[in-house]
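[1] Provided below for reference: sequence and predicted model.
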Amino acid sequence: MESSSFQHDRALLDWQIELGATEAICDAPVNRYEVPAAVPKPAAPQAPTSPMVRTAAADPVAVAESMAAAAQSLADLRDALAAFDHCALKKGARNLVFSDGVPGAKVMLVGEAPGRDEDREGRPFVGRAGQLLDRMLGAIDMGRTDAKAPVYITNVLPWRPPQNRDPKPDEIAMMKPFLMRHIELAAPQVLVIVGNWSCQALLGKKGITRLRGEWTQAAGLPALPMFHPAYLLRSPEFKREAWADLLSLKARLRDG
């Protein structure tokens, strides 16, 4: 029986080969015209829920405001500035230039930014411009450590900009909270705003040739814009105007 079945199947296979069949087919029929089912797309990856997920970058101005407000003394404020890492100028500077003179003096001078000499020594106005400033103050019987009429000095920026370039608006913005707190803690009676960029920081405008010599208000205090000594070294023809401003400062202090 099995032999007969084998011979029958063999005959059928030979007959299919004679007809030209060259491939075996499945037992079940295949519809070649059927559209294959779409392959499901993999699910989108889920956002990590780990606590290590990064948050949005902190606002440098907001950080500066918080750190400055927390300072309860000039020493605290200096430490806060030293710990502030959001200003790129810090990376290229040698020293933090915080202040010079006598805290609590009636007059506080606010310069622009440290130069090479200031960066090296860590004090404001110690180069040629600083020497000229000392002579200017001495001409009206004032000085950094004068026993009767001391002054207190700082800058808008505590770190030197590369190649002494002008301060950038974002640098001024993030340093301004520290400057305003500096003025509050030093508690002067009068501000002297030295230079164009200091006017930009404290008055919101520039144009020192137009602003100088005109008393105004800054940080809630009487303020006098003046030429920067570095500008006077480049343009000595304006020393007459600078002398007039110094006399105006002396008169203001004398008359209360």
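    Perfect, I can see it now. Numbering: from 1, shown residues only.

[2] hey, let's count contacts and neighbours off CA atoms from now on
    OK.

[3] how many residues are close by the residue lying closest to A69 once chain neighbours are set aside?
    Spatial nearest neighbour of A69, excluding adjacent residues (C-alpha to C-alpha, 6 or more residues apart in numbering): R181 at 6.9 Å. Per other C-alpha atoms under 10 Å, the neighbour tally for R181 reads 22.

[4] check what pLDDT R181 gets.
    Among the per-residue scores, R181 holds a pLDDT of 98.

[5] are we agreed that it is in a helix?
    Yes. Assessed by DSSP: H, G, I helix; E, B strand; the rest coil, R181 belongs to a helix.

[6] ok, it to P103 distance?
    13 Å (C-alpha to C-alpha, to the nearest Å).

[7] residues in contact with the closest residue to R94 other than its chain neighbours?
    Of all residues not flanking R94 in the chain, D119 sits nearest, at 5.9 Å (C-alpha to C-alpha, 6+ apart). Listed by C-alpha atoms under 8 Å, 6 or more residues apart in numbering, the contact partners of D119 are 93-97, 159-160.

[8] pull the contacting residues for the spatially closest residue to L179 that is not a sequence neighbour.
    Leaving out its chain neighbours, the residue that sits closest to L179 by C-alpha to C-alpha, 6+ apart is V156, at 6.3 Å. Going by C-alpha under 8 Å, 6+ apart, V156 touches 110-113, 172, 175-176, 179, 198, 201.

[9] at 7 Å instead, please
    By C-alpha atoms under 7 Å, 6 or more residues apart in numbering, the contact set of V156 is 110-113, 175, 179, 198.

[10] and what of P229?
    Counting by C-alpha under 7 Å, 6+ apart, P229 makes contact with 129, 132-133.
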